[in-house]
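J.: next one to model:
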Amino acid sequence: MLCALSFSALGPILINNFVMDWGFMPDQAKYFKQTQSFRHLDFVEPEKISIVIPSAFFSFMPIPLLETINSIGFINKLILGILTILLFHKKIIDKLYFYFLNFFPSIYLYSSLSLKDTLVLIISLMIAYNIVMHRGYILNILTIIALFFVKMLNAVIFISIFYFYNLLIIKKAKIFNILIFFSILWYAIFYYDDMLNLYNKYRFTFYFEAHNTFEGIYRVEFSLISFLNAFKGAYSFIASPILNLDSYFKFFQVIENLFIYIYISILLYELYGIDKFKSYFWLATIILTSLFYGNLIFDDGTIARYRFVILVFFNFVLFLEVKNAKKNK
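T.: Reported below is the predicted structural model:
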């Protein structure tokens, strides 16, 4: 396992400017520049909060020098390695899952780059653990708030999952949960147009980033046509990049996706044999999450960055559910 982590730590050297040019992921420059400015107390023009917060976190990590575009990649490897060691030490995961979290291709790739995706993944895994282990409202809300400042869309999904898991699975503080439900329902009805406009605003932004034009985009509305199109979007999110196989890298992504879908399906099947209601809950959650993202994101590269965190989150959730169910049986 030490040798495995040592090899994993070579990722920033093996990926950037060796397997691919760092400019293929140009966002690396933003995080590198902002992190350096924090280190040198020489603050540059403020970036988005979703860049500033991760960069501030990176600047406090005990990596002495931040001199190349690979530097934050080493920080990502450090925090991922520490997390997997702690999870294994606390017997939350076994050796096989330890290797999975360090060498699943997308995790290995993004944790080798100077991006925030590894930080998003780590917070997401913490949220998954807190939800399944019933660690209460406060800890869950705090970790979801932390994620909100790093990746807002993921936080919106996870706060919904956390709430409905408490309402339907945990069934504690029923009156409180029911009051929250009706409050959310009232808010959704009263501010329906504002919420739909906000969703469409993000949708149009992602579409323009993918196609450099607004031609062909349509607004999502509460209608039968939008509902049917939503499933097309979900299919695109799940299957991407199978509809646009123009490189060996995308073909490899399809193989990787097939592997994790099979892994998730096996875990769902195991959970179904132990607790049918939980298996239905997580299956419905996976479908609804795919609908949410599938109608929001259009570019294969952006889909890959969002999807790998979501898939590993659900994989980890199901792994914990099956493990706990077998333990308590």
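
J.: secondary structure element holding Leu196?
T.: Using DSSP states H and E, Leu196 sits in helix 192-211.

J.: report the secondary structure state of Thr213.
T.: For Thr213, the assignment made with DSSP: H, G, I helix; E, B strand; the rest coil gives coil.

J.: my read: Ser290 touches Ala239, true?
T.: No. Applying C-beta atoms under 8 Å, one finds Ser290 not in contact with Ala239, separated by 10.2 Å. (C-beta placed from N, C-alpha, C; glycine too.)

J.: with neighbour numbers in mind, choose between the two.
T.: Set side by side, Ser290 and Ala239 show more neighbours around Ser290, with 20 against 14, by other C-beta atoms under 10 Å.

J.: pLDDT below threshold where in the stretch 201-329 of the chain?
T.: 329 (pLDDT under 70).

J.: quick revisit: of all the residues in the helix holding Leu196, which ones are buried?
T.: Buried residues in helix 192-211, counted by 16 or more other C-beta atoms under 10 Å: Asn200, Arg203, Phe206, Tyr207, Ala210.

J.: list the contacts for the closest residue to the second one other than its chain neighbours?
T.: Pointing back at Arg203 there. Leaving aside its chain neighbours, Arg203 sits nearest to Leu296 (5.3 Å; criterion: C-beta to C-beta, 6 or more residues apart in numbering). With contacts defined as C-beta atoms under 8 Å, 6 or more residues apart in numbering, Leu296 is in contact with Leu153, Tyr199, Tyr202, Arg203, Phe206, Gly233.

J.: output the contacting helices and strands for the longest helix along the chain.
T.: Longest helix in the chain by number of residues (criterion: DSSP state H): helix 300-328. Secondary-structure packing of helix 300-328 (3 or more C-beta pairs under 8 Å, 6 or more residues apart in numbering; DSSP states H and E): helix 105-110, helix 117-132, helix 152-165, helix 192-211, helix 224-239, helix 248-274, helix 276-294.

J.: of those, which is nearest Phe57?
T.: Among these, the nearest to Phe57 by C-beta to C-beta is helix 117-132 (6.6 Å).

J.: model confidence over the closest one, on average?
T.: Averaging pLDDT along helix 117-132 yields 95.

J.: the inter-axis angle of it versus helix 276-294?
T.: 150 degrees (axes from the mean of the first three to the mean of the last three C-alpha atoms, to 10 degrees).

J.: got a list of contacts for helix 117-132?
T.: The contact list for helix 117-132 (C-beta under 8 Å, 6+ apart) reads 54, 57, 76, 79-80, 83, 92, 107, 110-111, 135-136, 139-140, 143-144, 146-147, 150-151, 154, 158, 161-162, 165, 305, 308-309, 312-313, 316-317, 320-321, 324.

J.: what angle separates that helix from helix 152-165?
T.: Using the same axes, to 10 degrees: helix 117-132 against helix 152-165 is 10 degrees.

J.: centre of the chain versus helix 117-132, how much separation?
T.: Relative to the mean C-alpha coordinate of its chain, helix 117-132 is positioned 8 Å out (C-alpha atoms, centre = their mean, to the nearest Å).
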